[in-house]
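1. compute the structure for the input listed below.
(4 chains)
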2 protein chains.
Amino acid sequence: MQNKVGIAPVSGENLLFLTDDQLRRGIEAMFFAYRAFTADPDLILADMDYGRAHHRALHFIHRDPGLTVTALLDVLGVTKQSLNRVLRTLIEDGLVESRVGHRDRRERQLFLTEKGAALERRLSETQRARMRSAYRAAGPQAVAGFRQVLEAMMDRDTLRQFKALKDLPDPS
Amino acid sequence: MQNKVGIAPVSGENLLFLTDDQLRRGIEAMFFAYRAFTADPDLILADMDYGRAHHRALHFIHRDPGLTVTALLDVLGVTKQSLNRVLRTLIEDGLVESRVGHRDRRERQLFLTEKGAALERRLSETQRARMRSAYRAAGPQAVAGFRQVLEAMMDRDTLRQFKALKDLPDPS
DNA sequence: ATTGGAAAGTCAACAAGTCTGACGTAATAA
DNA sequence: TTATTACGTCAGACTTGTTGACTTTCCAAT
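-> From the prediction side, this is the model:
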């Protein structure tokens, strides 16, 4: 199990980045960075009886208006019961609108109201600001590497989902 | 708020990576990657009535044997009541040992038992395997960028904590 | 040596967010 | 007509987090 110099050292290549120590540092970096990454929205959400789940729903409804409940379920990877509770409060509070599907009337299509869009913007702005500052500090090459590693960490299905996300309809 | 080409474009530099779209892609990549990142340990933990909190405690006790409860509290960023519940079950189940501090006898110093170390290894092996495969797929330069961006995302205090983590006493 | 305060542990209550399982309704598909 | 799908809901459970209040232990400063 011990592996100071990486597995299967190849010719003269530098594999120091594959030592268990380096891998552990990466794991810890993910833990700390993710905590920071969610900290700003969490602060805002706490003030209004919402949680991360609400943020995630708002995010994906924003990025793909009119998506169905099932589609949202898929991308979030939670049960419908769990999502439903979140969705119900968002609809009750007038942040999300649920319309009967025009193609298939069993489906519900989800949209942000103006109020919902405003909160989404407010939440994502803090997160984008952090990301922007991190990206700027690290530079384009580092950003490319960052994205490469993150994608390589995803499961096949998750990666497929991630790549299938459409481009945003409106820039913001 | 709209920002298609990045803020403060500097001379001929390529700032495409700072568009709001790119930032959003980064945010989503973090979300999906983190989910994948925790998926493997979560599966193991679910089988034994433990959760992520137990994993995190085991991880940091492993990496710094003999650390005090307060130190662990600090690095985890939770309340002592929350940690205490987790710690109590780990101690009851014989995975963690709590010894009275030798310097300050109010403190409790935490150690993994052999059983605890075994579980920690099992959990972290899955995570390291994923990380290793991602690192290998992306290459050393990408890994450097990954780490740079993650560190740039942390708050000042978190970054300080992260950098203050000692090197592992035993390699594994 | 006494006292003040810090460190740790404990108890209780609560909330968010997740899960499973079961059931009902409406609409589509076979 | 029947089976299946999409959605919503109710009930019950668990983990993880929170606050608040209280006790015990022990160090350190007066």
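
2. which ones are touching the residue of chain A found nearest DNA strand D?
-> Chain A approaches DNA strand D most closely through A:T70 (2.8 Å), counting by Cβ to the nearest atom of the strand. Bear in mind the C-beta positions are built from the backbone N, C-alpha and C, glycine included. Contact analysis of A:T70 by Cβ atoms under 8 Å, 6 or more residues apart in numbering or on different chains lists A:E107.

3. how about A:V69?
-> Contact analysis of A:V69 by Cβ under 8 Å, 6+ apart lists A:80, A:83, A:87, A:107-108, A:110.

4. check A:R52 too.
-> Counting by Cβ under 8 Å, 6+ apart, A:R52 has contacts A:38, A:41-42, A:45.

5. which of the contacts of A:V69 lies closest to A:D49?
-> Nearest to A:D49 among those: A:L87, at 15.0 Å, using Cβ to Cβ.

6. that closest one against A:D93, yeah?
-> No - with contacts counted by Cβ atoms under 8 Å, A:L87 stays clear of A:D93, the gap being 10.8 Å.

7. who's more crowded, the two?
-> When A:L87 and A:D93 are compared for neighbours, A:L87 comes out ahead with 23 against 16, by other Cβ atoms under 10 Å in any protein chain shown.

8. and that one, what element?
-> Assigned by DSSP states H and E, A:L87 falls within helix A:80-92.

9. how far does that helix sit from the chain's center?
-> Taking Cα atoms, centre = their mean, to the nearest Å, the mean C-alpha location of helix A:80-92 is offset from the chain mean by 18 Å.

10. out of the contacts of A:R52, who's the most crowded?
-> That'd be A:P41 among the contacts of A:R52, by other Cβ under 10 Å, with 24 neighbours.

11. turn the contacts of A:R52 into JSON lines, columns for secondary structure and distance to B:S133.
-> Converted to JSON lines, the contacts of A:R52 look like this (DSSP: H, G, I helix; E, B strand; the rest coil; distance: Cβ to Cβ, whole Å):
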{"residue": "A:T38", "secondary structure": "helix", "distance to B:S133": "25"}
{"residue": "A:P41", "secondary structure": "helix", "distance to B:S133": "30"}
{"residue": "A:D42", "secondary structure": "helix", "distance to B:S133": "31"}
{"residue": "A:L45", "secondary structure": "helix", "distance to B:S133": "34"}
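
12. want to throw the residues you listed into a markdown table with pLDDT and distance to DNA strand C?
-> Shown next, in a markdown table, are these (pLDDT from 0 to 100; distance: Cβ to the nearest atom of the strand, whole Å):
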| residue | pLDDT | distance to DNA strand C |
| --- | --- | --- |
| A:T38 | 94 | 11 |
| A:P41 | 94 | 10 |
| A:D42 | 93 | 9 |
| A:L45 | 92 | 7 |
